[in-house]
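Visitor: Below: sequence and its predicted model.
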Amino acid sequence: MRGADQPQTTMFSYVSVEDRIPADHPLRTIHALVQPILTALSPRLDAIYATRMGRPSIPPERLLRALLLQVLFTIRSERQLMEQLNYNLLFRWFVGLNPDDAVWVPTVFSKNRDRLIEGNIADAFMQEVLNAADVRALLSHEHFTVDGTLLEAWASHKSVRPKDDPSPPPSDGDPKHPTVDFRGEKRSNTTHESVTDPEARLARKSHGTASIIGHLGSVLMDNRHGVIVATDVRAPGHAAERDAAVEMLTTLDPRARRRTLGADKGYDTPTFVEGTRACGVTPHVAQNIHVNKSKSAIDGRTTRHAGYEISQRKRKHVEEGFGWGKTIGGLRKLHHRGRAKVAWIFSVVTAAYNLVRLRTLIRAGVCA
């Protein structure tokens, strides 16, 4: 018997939003992880919103949950996020909005987000995620991996102009997309900079590849389950990755002993190896031996141990975090300008990745 196509005339629903979300939905585990984290952050949020004057702001807990949704579901902008919150019951349930609650204006949402940036909430949220992993015995305090990746800035090559003459090039009648011919012009970070994002730098991943305008994002990963324990964003440079690695090592708990640090061939320099050992860490760096370099900074005293081989095998998992961040988290092309905001979103995306890792490990029964 054919069913009738009746128009939707029902005004009220007697089924709660909680009952509409499947019991095994992946967001339920993440929601359960996020709730105690936000409770732990409450005193810090109180300090940011200490003033009692003016209208009540967007609850910061809801703001943070909405930011997580933006990362987890690859939502490109705040405007699209507000559109999704308007009709998506799953998103409303996760954020904490009732079905009849009005969504926020995108500009108001952005301004409230800037307050969290000033309060350095991203790093605090990241630390609480790590505490949640540590309580469940999912972190190793002895074995780590470091690596960096280029983050393409929200700027084009047309915005790169000489520092001594940043005036726009002659217009060809197209104010939005002018034709700029810089063929044959030698451009470097010493003489040129982007007028769109002055803190971004011209860089390339390797010889023979095209240069991009970007920032350098580095991470320090735990080797046990691939959880990222520290992040760093700075300008790309010859020794920027290695300097970031040493700086992240100094943030670790100094009470742990016999630490190791896996890394690729780009970290095989005497300066980095000495700096790592000065931090009390054994460098398990891949040996960079080729035709033009006959000696590595890592010798047989390190490579002969079985732990060195394990570190070289485990360090490849750091690429999973970079791949997730660029494919899912929106880091392939940044939507923020300035190193402070880039570091903020890099930390938020990393925290979201860690939550996904914890959800996977919890559902697999790996927790102690």
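Guide: Ah, there it is. Quantities reported herein were computed from a predicted structural model and do not represent experimental measurements.
Visitor: mind listing what's buried in stretch 145-160?
Guide: Neighbour counts over stretch 145-160 (16 or more other C-beta atoms under 10 Å) mark 145-155, 158-160 as buried. Every C-beta, even on glycine, is put in place using the N, C-alpha and C of the backbone.
Visitor: Please enumerate the strands of the stretch 51-200 of the chain.
Guide: When secondary structure is read from DSSP state E, counting those that start in this stretch, the stretch 51-200 of the chain shows strands at 143-152, 160-162, 192-194.
Visitor: coming back round to it: so which of the buried residues of stretch 145-160 is the closest to Arg92?
Guide: Comparing those against Arg92 with C-beta to C-beta places Trp154 closest, at 29.4 Å.
Visitor: need the contact list for that closest one.
Guide: Applying C-beta atoms under 8 Å, 6 or more residues apart in numbering, one finds that Trp154 lies in contact with Thr196, Asp197, Lys333, Leu334, His335, His336, Arg337.
Visitor: before we move on, what about Thr251?
Guide: Listed by C-beta under 8 Å, 6+ apart, the contact partners of Thr251 are Ala230.
Visitor: Is it in a helix, a strand, or coil?
Guide: Following DSSP: H, G, I helix; E, B strand; the rest coil, we place Thr251 in the coil state.
Visitor: what phi and what psi does the backbone show at it?
Guide: Per-residue torsions, Thr251: phi -90, psi -10 (degrees, to the nearest 10).
Visitor: got it, and Val219?
Guide: For Val219, the backbone dihedrals are phi -130, psi 150 (criterion: degrees, to the nearest 10).
Visitor: same question, Leu202
Guide: Residue torsions, per degrees, to the nearest 10, at Leu202 are phi -70, psi 130.
Visitor: Next: Ser167.
Guide: Comment: the main-chain dihedrals of Ser167 come out as phi -60, psi 150, following degrees, to the nearest 10.
Visitor: What is the nearest of the buried residues of stretch 145-160 to Pro178?
Guide: Taking C-beta to C-beta as the measure, Lys158 is the one of the buried residues of stretch 145-160 closest to Pro178, at 7.2 Å.
Visitor: could you list every residue that touches that closest one?
Guide: The contact partners of Lys158, by C-beta under 8 Å, 6+ apart, come to Pro178, Val180.
Visitor: Go ahead and name everything in contact with stretch 84-95.
Guide: Counting by C-beta under 8 Å, 6+ apart, 17-18, 20-21, 25, 27, 31, 62, 65-66, 68-69, 73, 75, 97-99, 101, 103-104 sit against stretch 84-95.
Visitor: Buried among the contacts of Trp154? Make that a PyMOL selection.
Guide: Buried residues within the contacts of Trp154, by 16+ other C-beta under 10 Å, are selected in PyMOL with:
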select buried, resi 197+334+336+337
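Visitor: From the contacts of Trp154, pick the one nearest Tyr353.
Guide: Within these, distances to Tyr353 taken as C-beta to C-beta reach their minimum at Leu334, with 16.3 Å.
Visitor: Would you mind confirming that that closest one makes contact with Leu151?
Guide: Yes - assessed by C-beta atoms under 8 Å, Leu334 is found in contact with Leu151 at 5.7 Å.
Visitor: Identify the contacts common to those two.
Guide: Taking C-beta under 8 Å, 6+ apart as the contact criterion, the residues that touch both Leu334 and Leu151 are Gly214, His215, Val342.
Visitor: Would you report the backbone torsion angles of His215?
Guide: When read as degrees, to the nearest 10, the backbone of His215 gives phi -120, psi 160.
Visitor: Surely it and Pro236 touch.
Guide: Yes - the pair His215 / Pro236 is scored as a contact, 7.1 Å apart, by C-beta under 8 Å.
Visitor: Look at the two and report which has more neighbours.
Guide: Neighbours were counted for His215 and for Pro236 using other C-beta atoms under 10 Å; His215 has more, 26 against 23.
Visitor: can you pull up the bridge partners for the more buried one?
Guide: Residues found in beta-bridge contact with His215 (criterion: DSSP bridges) are Leu151.
Visitor: Please name the residues that touch it.
Guide: The contact partners of His215, taken as C-beta under 8 Å, 6+ apart, are 150-151, 153, 199-201, 233-236, 334, 339, 342.
Visitor: Flag the shaky bits of this structure, pLDDT-wise.
Guide: Filtered on pLDDT under 70, the chain yields the residue ranges 1-4, 8-12, 51-54, 169-173, 175, 291-294, 368.
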